[in-house]
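**Q** got a structure for you, letters missing:
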């Protein structure tokens, strides 16, 4: 990989202005909606809301059977479009029917006393769990539909659909609930999101039905790539990793602590938003390059992903540190709990994500889905081990949680980098832009 120079950076960033403009609307909508939601609900009710939201997101990945990644990968490869592409009936069964059956099975299991007692550790009653499952099912359906929308050419809209629509719906419901001064606002917001998200998915299905996309993109399934359990495992572990500190934190943090932690984590994750835009933009390019065994195209896509995601990301990291003064003023965090130190720890974890940003996309599009799955599993195990150790050593539970997340990130993304390097022979990290190997 050739050494980075100012002209090449300028060219990529100039070409990426439109990408940031279109996709920036999505990521900023997601970011702004949840932070406004915290202001509207208050830190404690927001903590209760975000725990159910995080658990629903993890559950949605479990009921997804890995189909969002599978659909995006298969429908992005031009030579598999047409009569021998992915079967539409098979897709409908895997996206609509099986997830519904799995959710019903989860609800039945929750009626068993030992399972019910386990849910009570998080303070979740049977009715709350039914709401969680409904939200998880609708989240999964929306994400699968966004993969199809992506494949038929509406990349910007599909990202907005996947990453911003549910959050904006939650914000809209929260405004209504607070204005009406209703009791149990967190629960009512979740119910409202389910109703509106169901209506939204019906609208998307109607849009796709009138688009006449079936003949071009779907077929009898004879030429489609084989579904792999790794798609499922990787999706579950990916969402579990994204929410693990919130879900596990719900066991030992108060709703107010969890709400404050999530607010700071979301603001720290603003550093990774350019990386999210970059990965979403380049995943189709990676799929085509690997399918055609075009090493030069793979290297060029990796370079593009790093420039688009890392340079703005690290600039945001520098801006975020002094911005804490404004954050603390808006949310009035309790004094004496070390929230500024917590914020710095979460920013450091976000920096790790940015440094290794392209690795997971490379694994998921180059036939190394199983490796990606095991890397995420290793990261989760490292987080849990680190949390068990640090919980005994660090008096503050929120700081122990953040430190464990940082340790897990080092393990996860370090292993991803190593697998890419050993299998494809190039450095997928930001370091490759400065010191090409």
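**A** All right, it came through fine. Just so it is clear, the model here is predicted, and its values are computed rather than measured.
**Q** where does the stretch 51-200 of the chain have low pLDDT?
**A** 76-87, 181 (pLDDT under 70).
**Q** low-confidence stretches in the stretch 301-437 of the chain?
**A** Low-confidence segments of the stretch 301-437 of the chain, defined by pLDDT under 70: 435-437.
**Q** can you give me the helices in it?
**A** Applying DSSP state H, counting those that start in this stretch to the stretch 301-437 of the chain gives helices spanning 339-355, 359-365, 369-393, 397-424, 431-434.
**Q** quick one: which of the ones you listed is nearest residue 176?
**A** Nearest of the helices of the stretch 301-437 of the chain to residue 176, taken as Cβ to Cβ: helix 339-355 at 30.3 Å. All C-beta spots, glycine's among them, are computed from the backbone N, C-alpha and C.
**Q** packing partners for that closest one?
**A** helix 255-268, helix 273-291, helix 295-331, helix 397-424 (3 or more Cβ pairs under 8 Å, 6 or more residues apart in numbering; DSSP states H and E).
**Q** which positions within that helix qualify as buried?
**A** Using 16 or more other Cβ atoms under 10 Å as the test for burial, helix 339-355 gives 339, 342-355.
**Q** and which of those residues is nearest residue 238?
**A** Among these, and counting by Cβ to Cβ, the member closest to residue 238 is residue 353, at 12.5 Å.
**Q** the closest one contacts residue 273, doesn't it?
**A** No: judged on Cβ atoms under 8 Å, residue 353 makes no contact with residue 273 at a distance of 10.5 Å.
**Q** got a list of what the residue nearest to residue 413 when sequence neighbours are not counted touches?
**A** In this structure, residue 413 finds its nearest non-sequential neighbour in residue 356, 3.8 Å apart by Cβ to Cβ, 6 or more residues apart in numbering. With contact set as Cβ atoms under 8 Å, 6 or more residues apart in numbering, residue 356 has these partners: 413, 414, 416, 417, 428, 429, 430.
**Q** hmm, try it at 7 Å
**A** By Cβ atoms under 7 Å, 6 or more residues apart in numbering, the contact list for residue 356 reads 413, 416, 417, 429.
**Q** want to throw the helices and strands packed on helix 339-355 into JSON lines with distance to residue 38 and mean neighbour count?
**A** Output for the helices and strands packed on helix 339-355, formatted as JSON lines (distance: least, Cβ to Cβ, whole Å; neighbours: other Cβ atoms under 10 Å):
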{"stretch": "helix 255-268", "distance to residue 38": "5", "mean neighbour count": "23"}
{"stretch": "helix 273-291", "distance to residue 38": "18", "mean neighbour count": "22"}
{"stretch": "helix 295-331", "distance to residue 38": "7", "mean neighbour count": "18"}
{"stretch": "helix 397-424", "distance to residue 38": "16", "mean neighbour count": "21"}
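**Q** helix, strand or coil: sort out residue 182 for me.
**A** coil (DSSP: H, G, I helix; E, B strand; the rest coil).
**Q** name the nearest residue to it, sequence neighbours excluded.
**A** residue 188 (5.5 Å).
**Q** in which helix or strand would I find the one you found?
**A** helix 185-211 (DSSP states H and E).
**Q** how far does that helix sit from its chain's centre?
**A** Between the centre of helix 185-211 and the centre of its chain there are 19 Å (Cα atoms, centre = their mean, to the nearest Å).
**Q** also stretch 390-405?
**A** For stretch 390-405, the distance to the chain centre is 24 Å (Cα atoms, centre = their mean).
**Q** need the strands for the stretch 51-200 of the chain, in chain order.
**A** 86-87 (DSSP state E, counting those that start in this stretch).
**Q** from the contacts of residue 356, which two are the most distant?
**A** So, the contacts of residue 356 by Cβ to Cβ: farthest apart are 416 and 429, at 9.5 Å.
**Q** just to revisit the earlier point, quick check, the residue nearest to residue 182 in contact with residue 176.
**A** No: between residue 188 and residue 176 there is no contact under Cβ atoms under 7 Å: 8.7 Å.
**Q** and the two? Which one has more around it.
**A** Neighbour tally, residue 188 and residue 176, criterion other Cβ atoms under 10 Å: the higher count belongs to residue 188, 18 against 12.
**Q** thinking again about what came up before, give me the distance between the residue nearest to residue 182 and residue 202.
**A** Going from residue 188 to residue 202 by Cβ to Cβ, to the nearest Å gives 22 Å.
**Q** can I assume residue 361 is in contact with residue 281?
**A** No: counting by Cβ under 7 Å, residue 281 is not a contact partner of residue 361; they are 10.0 Å apart.
**Q** tell me the one among the buried residues of helix 339-355 nearest to residue 383.
**A** For the buried residues of helix 339-355, the nearest to residue 383 is residue 349 (10.6 Å; Cβ to Cβ).
**Q** pretty sure the closest one sits against residue 407.
**A** No: the pair residue 349 and residue 407 does not pass the contact test of Cβ under 7 Å, sitting 9.3 Å apart.
**Q** could I get the contacting residues of residue 391?
**A** With Cβ under 7 Å, 6+ apart, residue 391 has these contacts: residue 400.
**Q** quick check: the gap between it and residue 418.
**A** According to Cβ to Cβ, residue 391 and residue 418 sit 28 Å apart.
**Q** try residue 125
**A** Residue 125 is 44 Å from residue 418, by Cβ to Cβ.
**Q** do residue 152 as well
**A** Separation of residue 152 from residue 418 (Cβ to Cβ) stands at 36 Å.
**Q** please apply the same query to residue 394.
**A** With Cβ to Cβ as the criterion, residue 394 and residue 418 are 29 Å apart.
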